[in-house]
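Q: Okay, predicted coordinates and the sequence, questions at the end:
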Amino acid sequence: MLTVRSKSVAGRATAILLQCVVLRKSCLSKIVQFRAVVTENSVRSENTGVPIIRENIVATTMSSLFVAVFALVTASFRTRAALQAEILALRHQLAVFQKNGPRRLRLHRCDRLLWVLLYRFWSGWRRCLEMVQPDTVIRWHRKAFAWYWTGKERRRVLHFGVTEHPTQEWTMQQMREAFPWDQAPRYVLRDRDAIYGRDFAAMIRHMGIEEVLTAPRSPWQNPFVERLVGSIRRECLDHVIVWNDRSLRRTLHNYFAYYQWSRTHLALGKDAPESRAVEPPEQGRVVAIPQVGGLHHRYQRRAA
């Protein structure tokens, strides 16, 4: 797999375009062959002979090097939105070609010539070219994601509420209780549930918060909340019996205390959101402290 990494948007568009050259050439040759078959009709062959020659000339003269150079020149005059749209279109072409094309691509002389020219006149070409396997790229993305969020501020559960019938008024009250003293965040990320009506949007604006809406039926766009909800279900509510609102509130209060102060997180280097000090063996033996009604435990050292 050939992966070209570039810091600029124009560089990414050109790099993806280089990967799509083979696709464009193969698609063009298929169009020419298809039209040639159509003109084999004995009645129309006399009138369509010239267009066939012209199409073959266009197919042979459109080289991948010309396409790459043309894209590089035009990219410098285009807006960022236009470049992103072109990247999206080229990625779609790559996906279609990888699904229907041959397993091994063949580079032509013009493709090799382009990289020879880059090698001659661009000293930093090695930093943008990597020959890797798909599994390697996926591993890079996972490591970068973990490193990025490890360096960010640790996320905490600031407030939670319990109700059997959530409404817009109840949701607005939860926002007021979560941020009572001018401590509102800059953004609030939410889905498109009906409880977020006009009054809720107006209150958010008055609090100085900008709303960010996820796409319809796309819970993965709010991954932190979805991950937290999944942890609550798997680690707590699936193992207890909830009698009423008061019982649920007490259970969640105990679980969030365990989640914030005791539960280890892989993204935090096996630390808790409220950082815990490393306890050396000299402090005593390890003891288990029951939490969440004995459903979970906190392990720490205590002197004998």
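A: Sure, I can see it.

Q: where does the chain dip in pLDDT?
A: Across the chain, the ranges flagged by pLDDT under 70 are 1-69, 78, 97-107, 125-132, 143-154.

Q: give me that answer again for 90
A: 1-158, 179-186, 194, 217, 219-221, 223-224, 265-271, 273-277, 302-304 (pLDDT under 90).

Q: could you pull out the helices for it?
A: 9-38, 49-61, 64-75, 80-100, 109-121, 134-150, 168-178, 198-206, 223-235, 245-261 (DSSP state H).

Q: Could you list the buried residues of the fourth one?
A: It stands for helix 80-100. 83, 86, 87, 90, 93, 94, 97 (16 or more other Cβ atoms under 10 Å). In this view, the C-beta of every residue, glycine as well, is placed from N, C-alpha and C.

Q: Just give me the closest of the residues you listed to residue 252.
A: residue 87 (43.6 Å; Cβ to Cβ).

Q: How much space separates the closest one from residue 299?
A: Separation of residue 87 from residue 299 (Cβ to Cβ, to the nearest Å): 49 Å.

Q: Residue 71 now?
A: 58 Å.

Q: These two: who's more crowded?
A: residue 71 (21 against 11; other Cβ atoms under 10 Å).

Q: With residue 114 as the reference, measure out to the more buried one.
A: From residue 71 to residue 114 the distance is 12 Å (Cβ to Cβ).

Q: List the contacts of the residue nearest to residue 287 when sequence neighbours are not counted.
A: Among residues not flanking residue 287 along the chain, residue 302 sits closest, at 5.1 Å (Cβ to Cβ, 6 or more residues apart in numbering). By Cβ atoms under 8 Å, 6 or more residues apart in numbering, the contact set of residue 302 is 283, 284, 285, 287.

Q: Nearest to residue 222 among these?
A: With Cβ to Cβ as the yardstick, the closest approach to residue 222 among these comes from residue 287, at 38.1 Å.

Q: give me the number of residues near that closest one?
A: Count around residue 287 with other Cβ under 10 Å applied: 11.

Q: Would you check that it makes contact with residue 303?
A: No. Look at residue 287 against residue 303 with Cβ atoms under 8 Å: they stay out of range, at 10.3 Å.

Q: Pull the contacting residues for residue 240.
A: Applying Cβ under 8 Å, 6+ apart, the residues near residue 240 are 251, 293, 295.

Q: ok, the residues you listed vs residue 268, which is closest?
A: residue 295 (21.6 Å).

Q: List the buried residues in stretch 293-300.
A: 296, 298.

Q: go on, stretch 270-279?
A: Neighbour-count burial for stretch 270-279 [16+ other Cβ under 10 Å]: 271, 272.

Q: No further questions, thank you.
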